[in-house]
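Student: Next comes the sequence, and after it the predicted model I'd like to discuss.
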Amino acid sequence: MEPFTTLSAVAAPIEIVNCDTDRIIPARFLRKPRVPGYERWLFHDMRFDAQGNERAEFVLNQAAYRNARILVAAANYGCGSSREQAVYAMYEYGIRSVIAPSFGDIHYGNALQNGFLPIVLPEADCARLRGQLRARPGAALTIDLPAQTVTAHDGSVFRFDIDAAAKERLMKGLDDVSLVLQHIERIEGLERGYLQAHPWVSV
C-alpha cells in the first residue's frame, strides 16, 4: 500500500448530498476484476450516457478537473451499501482523498483500510472549498497528513482530526497484513515457546 504523507493536487467539487456507494460504483460492476481500466467504473452512470459517451456536464469530464486527485464533497459521502469497490474505483482513478462534512461509517473505514484518506471538515468549510474550486477550475489543494491540515489555493488552512493509529498506518503504508508482519519475529517466538512447553501439540 502506498504511504500517504502529503499531497498537492487538483481538487474537484462533488455537490451531491448523500452520494451513496452505488453512485460511486454501480452494483452491476462489483464483480469486475480490479485490473487496468477499473477506473472506468468510477461514477460510471454520471460520467457516461447509455451509449458510453462522456457526459460533458459531469465535473470529472471537464478538462480542468479531469486529473483531480482530491474530491471535496457534500454531506454523507459514501453512504449506502458496504462495498470496498467504491474505494478501489477512486484509488484506481488516481484519487487519494475525499474531504466532506461526513461519511458513511463503513465507507470511511474501508477508505482507511485501503490507503485512502477521508477528511472530515465542517460543512461551512467544505462549502467554501467547493465554491473556490468552482470559481477557479483546476486549483490545487495541499493535504499534509503529519500536520493534519488542508491548505487551499488562497492560503487558507483547515485543520482536521484523525485517529492516531489510522494516521500511522496511512503514513507507513500498512494494510492489515503488513501491520501483522511488523511483529512477525515476536509472533514466531511465541509460537516456538508454546510448542516447546507443549511438545505434544502438532502443527
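Tutor: Right, received. Where do you want to start? Since we're looking at a predicted model, the values are computed, not measured.
Student: Helices of the protein, residue ranges please.
Tutor: 21-24, 44-47, 85-93, 105-113, 123-135, 164-172, 176-181, 184-197 (DSSP state H).
Student: And for the fifth one, what's in contact with it?
Tutor: In other words, helix 123-135. 11-15, 72-75, 99-101, 121, 139, 141, 150, 152-154, 156, 158 (CB atoms under 8 Å, 6 or more residues apart in numbering). No exception for glycine: its C-beta is placed from N, CA and C like everyone else's.
Student: so how far is that helix from its chain's centroid?
Tutor: 19 Å (CA atoms, centre = their mean, to the nearest Å).
Student: Comparing the helices of the chain by mean pLDDT, which bottoms out?
Tutor: Lowest mean pLDDT within the helices of the chain: helix 176-181, at a mean of 60.
Student: just checking, what's the longest strand in the protein?
Tutor: When the chain is parsed with DSSP state E, its longest strand is strand 6-14.
Student: Remind me what that strand packs against, helices and strands.
Tutor: strand 70-73, strand 97-100, helix 123-135, strand 140-144 (3 or more CB pairs under 8 Å, 6 or more residues apart in numbering; DSSP states H and E).
Student: Now that strand: buried residues?
Tutor: 7, 9-14 (16 or more other CB atoms under 10 Å).
Student: ok so, going back, relative to Leu60, which of the helices of the chain is closest?
Tutor: Of all the helices of the chain, helix 44-47 sits nearest to Leu60, with 6.3 Å by CB to CB.
Student: outside of the closest one, which residues touch it?
Tutor: So helix 44-47 is contacted by 23, 25-26, 29, 54-55, 58, 60-61 (CB under 8 Å, 6+ apart).
Student: ok so, going back, how about TSV for the helices of the chain, with distance to Pro33 and mean neighbour count added?
Tutor: As requested, those are exported to TSV (distance: least, CB to CB, whole Å; neighbours: other CB atoms under 10 Å):
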stretch	distance to Pro33	mean neighbour count
helix 21-24	18	22
helix 44-47	16	17
helix 85-93	10	23
helix 105-113	18	19
helix 123-135	33	17
helix 164-172	26	15
helix 176-181	20	11
helix 184-197	30	10
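Student: Name the nearest residue to Gly173, ignoring sequence neighbours.
Tutor: Counting by CB to CB, 6 or more residues apart in numbering, Gly173 lies nearest to Pro3, which is 3.6 Å off, once chain neighbours are set aside.
Student: got the end-to-end distance for stretch 102-119?
Tutor: Stretch 102-119 has an end-to-end distance of 9 Å (CA to CA, to the nearest Å).
Student: Would you confirm that Tyr108 contacts Ser82?
Tutor: No - between Tyr108 and Ser82 there is no contact under CB atoms under 8 Å: 11.1 Å.
Student: Name all residues that make contact with the residue most central in space within the chain.
Tutor: Geometric centre of the chain, nearest residue: Phe116, 3.4 Å, by CA atoms, centre = their mean. Phe116 is in contact with 87, 90-91, 95-98, counting by CB under 8 Å, 6+ apart.
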